[in-house]
Structures are given as structure tokens and as C-alpha cells.
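1. Have a look at this fold, sequence not included:
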């Protein structure tokens, strides 16, 4: 086969991080090339460069024998490069045909030619083996599998020679995945190349021809045979690290009474029949891939997501009172996106720390500012927030110190349970170690902690007990000291629990 796409030495930097550090990728016409790597390895950045969303800081892209540099998604499509993202970029209120030809509509003299668009849509849908999807149907009424087909039809409508599919099977049932693979094989038989991104190694074995593995922004393996390369080899390539994880020493630990009990928790289409408990002073970690349902489980426990099943805090049902009820009962949440979901960036450290406890300072309709500042100052000292200036705008602090301020918010009212979603995301190595110490110290003081992290070493290094989540199900629960990173990744990617 000839090389259809060659990416050489691709470099991309964002403020404070080198997302790609000289990555190579080679894709042949008519092959399925699988792109693997843990969360944060650089896969999304690489495909966004190919799709014209980002421009590389260095490196070259050669497509169909000539050097190209897609300046925008539209430019990439014109070149024959199409990307189907995990979160499909379809417009639910438009018809199937309107979505397929969005951006290059069938028109003459400024007027849309709907009949022509419908005929062309019918033709491309038939080519994909789905003549039952009507071009006039509103996309919002289609199943996830049918929407996936419409996205592929859009790619083919641009005469794409290379299609990137980002986790295309994530929302599909087993029989729908089989149909997806049939379509992919038909496309590659016509010479179309597919870059397939998935965390499911059984899919890689079935549909893939070759594999490239990214780790920490670098390509650690390029063009491995998908079916012959042992799973242990792939996992080893994915898990080698440059980052140091410095965890507090794990001494003898004792736990108090049960603080949280979750019984048969479910959220349709996201996670199912999840049950576990957390005791006072215990850290329980949820390990799994993005999209496995980890963060959504935290949201449901916190009252921010509708759910079935029961959540009990110290034996009392939380009920359907939402986040106001859970906060009143003693829960606190440090969300994944702290800047967007937890912080008032233009406000002071004090204001951000006391945001969840303003009634504590209310007196005759006024806020007791002196007491508010005194409490914030004490928490700044206790958590070693730097610089130690409570009146400083919080946007001027580092990511680690901003995260400490989020934790401080929930310590004002003696939280019984802390829910931590990606607590060290965007935090440098030194600040990570400090945060690990803070989290362990809070647990030592009797607070129950439920932790989500995309980084398996972080879960294993901090948690006392680990729940492995795959596709919305708990597939393993056990002591963190009995697991290692390879074992957890094997479970996450292969779907089988250790015995």
C-alpha cells in the first residue's frame, strides 16, 4: 500500500504545556490505522491539527503526495480530510440531507435545491448500506447508530480520502458496532483510509491493520501490526511515564463508620446498577476512561444528575432535593473544570472560599466581612495557599493553589464527604504532591473522600479502595494495594476483571 498521509515531527504547545513533542504518523490508503494512548497522551490535539482546528508549531503534513497545512476545518474537508468526533457535530433540528451537505449545500442562483440534495443524500446513504434512513427525517429523531451513519455520509459527501473516527463505537450497541465495522471495511475496500481511535483493544484487534501509540505527547510506537502485537506490549507502551507521582507514605489506616452508601444507582444510557460505600477517613477511587461514567456517578451522588437508585449520607436518604440538599447534608464537590464550574475568577481568594457558606456570615441582612476574612485567612494558612494573600484575585494563582481554594470552600462547614473530580488536572508536578498531602490529611481527619482521576497511578497512589468502571458498570472492586497500573488498564481496555 502507498502512504496516503505522512505527519512528521508534529509539535504543538499551549500555555504551560507541550501537548505534542515531535509526533510521527503514517497512514496508508485503504487501511484502518488505530491511534492509541491514555487520556492526555495527545491524540485529540493531533487529530485537531489534521482537521484544521489547530495549527502545528513545527513539523510537516504530506497528504496524497503533496505537503499541506489545513488552515480550518473547511480547508481540511476540501483536501479530503474528514473527522467524525465522539460528540457528533450534527444539527438535530435539520434534516438528514441538510446535515450531510451542511456547508456545501445544493443551490443554484442563491436558492436551495432540496430535491437534488435529497437524491444525493439517498445515494450516499445507500452506498453506506442504509437506504432505510430517509433524507427528510429530522436528525434529532434518529438513534445514535443512525446519527453515526449520517456523520459518515457527510464525510463521503466531501469525497473524503481519509476519515478520522474518534471513539465511534462509544454510544453503539453490540450489533450496531458490527454494522459500523462492515461500513468501515467497505470504505477501506474503496481505498479510503480510516484513522480509528478507541480504548477498546478487542475492537482494535478486529478492525485495525496497524497501530500508533502516543504517550505524553510523543509517538512511542508507529505502525505496529494490530492483530499480532500482544496486549501486554501495547499497555506497556501506553503506561511508561515521564511524570513523577509523589504520594504521602501509606501507613496503617483505620476507618470510621459508613458515611456514604450508594445502592443500585443508575442513569439511562450512562451507568447502571452501581453500588458501593465510603467510610469516614477512607478514600475510594473510581478508575476508568473518559466516557465510562465516572464523573457522571459523582454528579448523581451530588444531586446534579437525575438518577435511579438510592444515595444515603450517614444513613439518611438524600432524596431528590438536588445540590442544595446534598450541600446541607454535608457533601462538597470539587468539579473537573474548576475555572468554569467552581471559581469566580475575578473575585478574591476570600470570596471564592466563602462562596458556599455566605449564610454563616449573614447578620441582620449584612455580611460580617471581618469574620469572613478571618476564616479565609485561617484556611489559606492551613492549606498553605500561596501567595498567602486572601484578597488577591484568584485568577492570579497557579492551578494547584486554585484547587486548594476549592477544597477550602468545603472545609468551612465541616464536610462529611468530599467528591473530587480530576483534582490535579492542569497542576504541575510540585503542586500535585502538595495536593496529595492535603487530600490524605483531610481523610486522616475523618472526612470520607470519593475520587475520580483519569490517571491510574493517581487513583492507586491515593485511594484505599478502587472501583474500576467500564462502560457504565463496576467491573472490579478491591483494595488499591492489590492492584497495579497494568492490571487496571487491562480491565478497562479488555473488560475482564482480575480474579
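-> It's in. Computed from a predicted structure; not experimentally measured.
2. use CA for all of it now, contacts and neighbours both
-> Noted.
3. all helices of the stretch 251-400 of the chain, in order?
-> For the stretch 251-400 of the chain, helices defined by DSSP state H, counting those that start in this stretch occupy the ranges 294-302, 322-329, 338-341, 349-353, 369-382, 399-411.
4. will you turn these into a markdown table that also has distance to residue 178?
-> Shown next, in a markdown table, are the helices of the stretch 251-400 of the chain (distance: least, CA to CA, whole Å):
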| stretch | distance to residue 178 |
| --- | --- |
| helix 294-302 | 26 |
| helix 322-329 | 40 |
| helix 338-341 | 38 |
| helix 349-353 | 50 |
| helix 369-382 | 55 |
| helix 399-411 | 43 |
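5. Can you tell me which of those is most buried?
-> Ranked by mean neighbour count under mean count of other CA atoms under 10 Å, those are led by helix 349-353, which reaches a mean of 27.
6. Just give me the lowest mean pLDDT stretch among the helices of the stretch 251-400 of the chain.
-> Ranked by mean pLDDT, the helices of the stretch 251-400 of the chain bottom out at helix 338-341, with a mean of 82.
7. Quick one, which of the helices of the stretch 251-400 of the chain gets closest to residue 361.
-> Residue 361 lies closest, by CA to CA, to one member of the helices of the stretch 251-400 of the chain: helix 369-382, at 6.5 Å.
8. Could I get the full set of helices for the stretch 51-200 of the chain?
-> Using DSSP H, counting those that start in this stretch, helices in the stretch 51-200 of the chain cover 73-79, 96-100, 114-127, 144-157, 174-189.
9. which of these is buried the deepest?
-> Greatest burial across those, using mean count of other CA under 10 Å, falls to helix 96-100, with a mean of 27.
10. Can you list the low-confidence ranges for the stretch 201-350 of the chain?
-> 239-245 (pLDDT under 70).
11. for the stretch 351-499 of the chain, same thing?
-> 426-430, 495-499.
12. Next, give phi and psi for the residue positioned nearest the centre of the chain.
-> In the chain, the centroid-proximal residue (CA atoms, centre = their mean) is residue 290; its distance is 3.6 Å. When read as degrees, to the nearest 10, the backbone of residue 290 gives phi -60, psi 130.
13. I'd say it and residue 454 touch.
-> Yes - taking contacts as CA atoms under 8 Å, residue 290 lies within contact range of residue 454: 7.1 Å.
14. Show the pLDDT at residue 199.
-> Here the pLDDT value assigned to residue 199 is 74.
15. quick one: it and residue 37, what's the gap?
-> Distance, residue 199 to residue 37, using CA to CA, to the nearest Å: 8 Å.
16. Which of these two has more residues huddled nearby?
-> residue 37 (25 against 21; other CA atoms under 10 Å).
17. Which element, helix or strand, includes the residue lying closest to that one once chain neighbours are set aside?
-> Nearest residue to residue 37 in three dimensions, chain neighbours excluded: residue 214, at 4.9 Å (CA to CA, 6 or more residues apart in numbering). Per DSSP states H and E, residue 214 falls inside strand 210-215.
18. Parallel or antiparallel, which strands does that strand pair with?
-> strand 32-36 (parallel), strand 218-225 (antiparallel) (DSSP bridges).
19. Pull out the buried residues from the next helix or strand along the chain from the first one.
-> Sequence order places helix 43-50 as the next helix or strand after strand 32-36, per DSSP H and E. Of the residues in helix 43-50, those buried under the neighbour-count criterion (16 or more other CA atoms under 10 Å) are 43, 45, 46, 47, 48, 49, 50.
20. other SSEs contacting helix 43-50?
-> Here helix 43-50 touches strand 17-28, going by 3 or more CA pairs under 8 Å, 6 or more residues apart in numbering; DSSP states H and E.
21. Partner strands of the strand it packs on, with direction?
-> So strand 17-28, judged by DSSP bridges, has these partners: strand 3-14 (antiparallel).
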